[in-house]
Structure formats: C-alpha cells, structure tokens
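>>> Quick one, what's the 3D model for this:
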Amino acid sequence: MGDLQIEMLHGKDQGTQLLHHPDRVTVEGLIHRSLEAKEFSYCPYSNFRVGAALLAHDDRVFTGCNVENACNNLGVCAERNAISKAVSEGCRSFKAIAIASDLHDQFISPCGGCRQFMREFGASWDVYLTKPDGSYIEMNVSELLPVSFGPEDLSMKKVVKIPNEY
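Coordinates of the predicted model:
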C-alpha cells in the first residue's frame, strides 16, 4: 500500500517509536491530527464524534470533523469535510486519510457515501482506520470500495443513441 513512508526507531529502553521528520508526515502524526479534529465535531443528535486528517501529495494536511444537522441528510461526515476543504484550496491529489472516533472496541470505518467520495480522487491512496488509543489498520480506497465507479468510467464507450420516449 502506501505512499506514506514510516521510519521506525528501535532502542533498548525506547521500544519502538515513529520518527518525526519536519518535512514528512508520519502515520502517527496523521492519526494524531484526526484525533484532534474529532474534538471539533458538532454532533448533538448522535453524540458520535468523528475526525479526519487528509494528507495531500504536496504534504499539506487538511482536517475535518462531522457536522450534524437537525435535517439528518444535510449533515456532513468528517471525511467529506476534509476532502471538500482540500479541494476548495486547490488540492485534488491525496496520499492518505486517517479517520478517528470514540469507538473503543472496533476501528472506525467510513460510510458508503464517504467511500465513494474518496474514490472520486483515486482508488489507490491509503486509509487509516483508527481507535482512540492510536492503533490502526491500513487499507486503501479500492479495498474499501471494490469494483467501484469513478471519473474514468464516464469516458468509457457508451450506447450512441438512447431513445427518449418520454
């Protein structure tokens, strides 16, 4: 998987820890940013906080949180919030996204709408599904949304003439 490079430091008394480079975002750093973003969630109806941190190919990080609305279908998920923020700032190429929630016993997973929204910007970038303790599993968009429909499908050969009888 990963464009995201992780360097590990092994030491006698240190255990294993991630090295932090000022010019490189680590998985741990991206997960930390998603946990921070979760704190800004507006979720008075579900009380289900979600944060996301999106790493662009230019190494900028865009964060987002879920924002609920009394009219349920107008709420915005954290993942779509972060991606929309990035796109609104001219960024459309992503390396990875980390997603955080308060779920203790399972890793947070994006909803179907967010999976399709991520797919719009490629099928091979990394998705880190996390727990509050910082543990994670790594997947990519194509694993989360197999046999997906994307922008390239719109340019595929189509039936030339479609009768419109209505």
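>>> wouldn't L129 be in contact with M139 here?
Yes - between L129 and M139 there is a contact under C-beta atoms under 8 Å: 6.6 Å. (Each C-beta comes from the backbone N, C-alpha and C, glycine too.)
>>> Tell me where this structure has helices.
Here the chain has its helices, by DSSP state H, at 27-38, 78-88, 112-119, 141-144.
>>> could I get those helices as JSON lines with distance to E68?
Listed next are the helices of the chain as JSON lines, based on distance: least, C-beta to C-beta, whole Å:
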{"stretch": "helix 27-38", "distance to E68": "14"}
{"stretch": "helix 78-88", "distance to E68": "11"}
{"stretch": "helix 112-119", "distance to E68": "14"}
{"stretch": "helix 141-144", "distance to E68": "23"}
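>>> Among those, which comes closest to G134?
Nearest to G134, of all the helices of the chain, is helix 27-38, at 5.6 Å by C-beta to C-beta.
>>> How about the closest one, which residues are buried there?
In terms of neighbour count (16 or more other C-beta atoms under 10 Å), helix 27-38 has its buried residues at 27-35, 37-38.
>>> Brilliant, that's me finished.
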